[in-house]
Every structure is written in structure tokens, then in C-alpha cells.
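Visitor: Sequence and predicted model, in that order:
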Amino acid sequence: TSYKYLTGVTLDTPSKTGYTFAGYFTTSDCSGTAITKISNTQTGNITLYAKWVDSAKPTAKVTTTSNLKTGTQTATLTCSDNIGVTSYYWGTKNNPTASEFTTGTPSTKSVSTAGTYYLFCKDAAGNVNSAGTSLDTARLQLMIGHKLCINPKNIHAYVIGEHGDSEFIPWSNANISLQN
């Protein structure tokens with residue numbers, strides 16, 4: 001942008017997918033007060049730095065390529081983000097604490113215990129996103145229960161992975177609990 005002495009300029013607000021614009025600054029570290037316009041008395045060249053804040057949640061994805069009839073399933077965990085994933089959680093809690101996150105990025109995990117598993121990914125800006133299948137698990141248990149005329153609470157079959165094409169059911173770990 002250029003400006004003319006005695007005219008001044010109001011600076012535009014740019015947009016960038018996955019980021020929130022936090023203003024223009026005269027320092028490269030974007031400290032101080034944001035600049036919204038160039039005054040009509042400003043002379044000489046001025047360098048402005050745009051400050052962007054990551055507002056996009058990281059993506060979390062779980063896929064499996066293993067034989068679903070074996071006792072242990074292998075899940076590939078993927079997290080990605082604009083500025084990089086700093087930590088993740090993989091386990092059966094749908095609301096893990098900050099101390100339960102592991103630093104770094106996830107890779108491959110083995111699953112041998114039945115349950116609903118969740119993948120949470122956190123980026124450097126503190127944004128968190130998850131992939132889980134608790135609703136799919138509830139539907140599966142309800143459908144099996146109706147088909148077999150059994151209370152769904154007694155069905156121990158779980159959907160693992162991310163909701164959608166990459167979720168799977170480890171049938172070898174599924175069972176029904178009945179009492180006499």
C-alpha cells in the first residue's frame with residue numbers, strides 16, 4: 001500500500017484461512033500498539049508487520065490397516081495443524097487432563113483392549129481437536145441389543161477410530177455379558 005502526504009490511509013483488514021488477523025505493527029515481533037491507519041502527516045517509508053494468530057483446530061485422524069479378526073488392532077494416528085502439533089492424547093477418556101497429553105506427534109498404537117478410544121491433538125496456540133467414536137459405539141450396541149433382544153448395556157462391542165471411513169470394530173474383542 002502506498003500513501004500520500006496530507007491524505008492518510010486506513011489500512012485494510014486482510015484474511016488468511018485458519019488464522020485471525022491481530023493487527024499491523026511497526027516492530028517485527030508485533031509488540032506494542034496495533035496500527036490501523038497511516039496519518040495524513042506521516043512522511044517517509046514505513047514498514048508494517050502483520051500479526052496472525054492461529055485459530056484453526058488441528059486435525060485428528062485415526063486409520064487402521066490391520067486384519068480386524070485378530071486380537072490386537074493397529075491404529076495409525078495422525079495430527080496436523082497450521083503451526084504444528086505439540087502434544088496428543090490417545091486413550092479411553094473423552095475429557096483428558098492436560099497432564100495426560102504426550103509431547104510430540106502421534107504415530108502407530110496397538111489396541112488390544114475393547115473400548116471407545118479418543119485421539120486429541122493440541123497445537124502451539126493451545127487449540128485442541130479430537131477424533132472419537134462414542135456415538136457410533138452407542139449405536140452399534142443398540143443395534144446388536146435390538147437384534148438379539150438383549151439390553152444394550154450388556155453388549156461390549158466398540159467402534160474405534162475417527163467417525164467416518166476410518167473407524168472400525170475389533171470384533172474379536174466384542175462380547176455379551178448375561179447373568180442367570
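Guide: Nice, thanks for sending it over.

Visitor: Please make it C-alpha for all contacts and neighbour counts, starting now.
Guide: Noted.

Visitor: In which helix or strand does N129 reside?
Guide: Following DSSP states H and E, one finds N129 within strand 128-132.

Visitor: For that strand, what does the pLDDT average out to?
Guide: For strand 128-132, mean pLDDT is 73.

Visitor: what element comes up after it heading to the C-terminus?
Guide: Following strand 128-132 in sequence, per DSSP H and E, is helix 134-148.

Visitor: Count residues in the vicinity of I160, would you?
Guide: 29 (other Cα atoms under 10 Å).

Visitor: sorry, that was for T97
Guide: T97 has 9 nearby residues by other Cα under 10 Å.

Visitor: And S110, by the same measure?
Guide: 10.

Visitor: Next, find the distance separating it from F101.
Guide: 18 Å (Cα to Cα, to the nearest Å).

Visitor: In contact with the spatially most central residue of the chain, which residues are there?
Guide: Nearest to the mean C-alpha position of the chain, counting by Cα atoms, centre = their mean, stands N129 at 2.5 Å. By Cα atoms under 8 Å, 6 or more residues apart in numbering, N129 lies in contact with 57-60, 120-122.

Visitor: let's see it at 10 Å
Guide: N129 sits next to 56-60, 79, 88, 119-123 when contact means Cα atoms under 10 Å, 6 or more residues apart in numbering.

Visitor: Repeat that for T41.
Guide: 4-8.

Visitor: now N82
Guide: Taking Cα under 10 Å, 6+ apart, we find N82 in contact with 17-19, 54-59, 123-124.

Visitor: Relative to T17, how far out is it?
Guide: Going from N82 to T17 by Cα to Cα gives 10 Å.

Visitor: Identify the contacts common to these two.
Guide: Common contacts of N82 and T17, defined by Cα under 10 Å, 6+ apart, comprise 54-56.

Visitor: Nearest to S177, out of the residues you listed: which one, please.
Guide: Closest approach to S177 among those (Cα to Cα): A56, at 42.8 Å.

Visitor: Tell me the secondary structure of T43, please.
Guide: Secondary structure, DSSP: H, G, I helix; E, B strand; the rest coil: T43 is coil.

Visitor: mind listing the strands in the chain by residue range?
Guide: Under the criterion DSSP state E, strands of the chain are mapped to 9-10, 19-25, 37-38, 49-54, 59-64, 73-80, 85-91, 102-103, 108-111, 118-123, 128-132, 155-156, 175-176.
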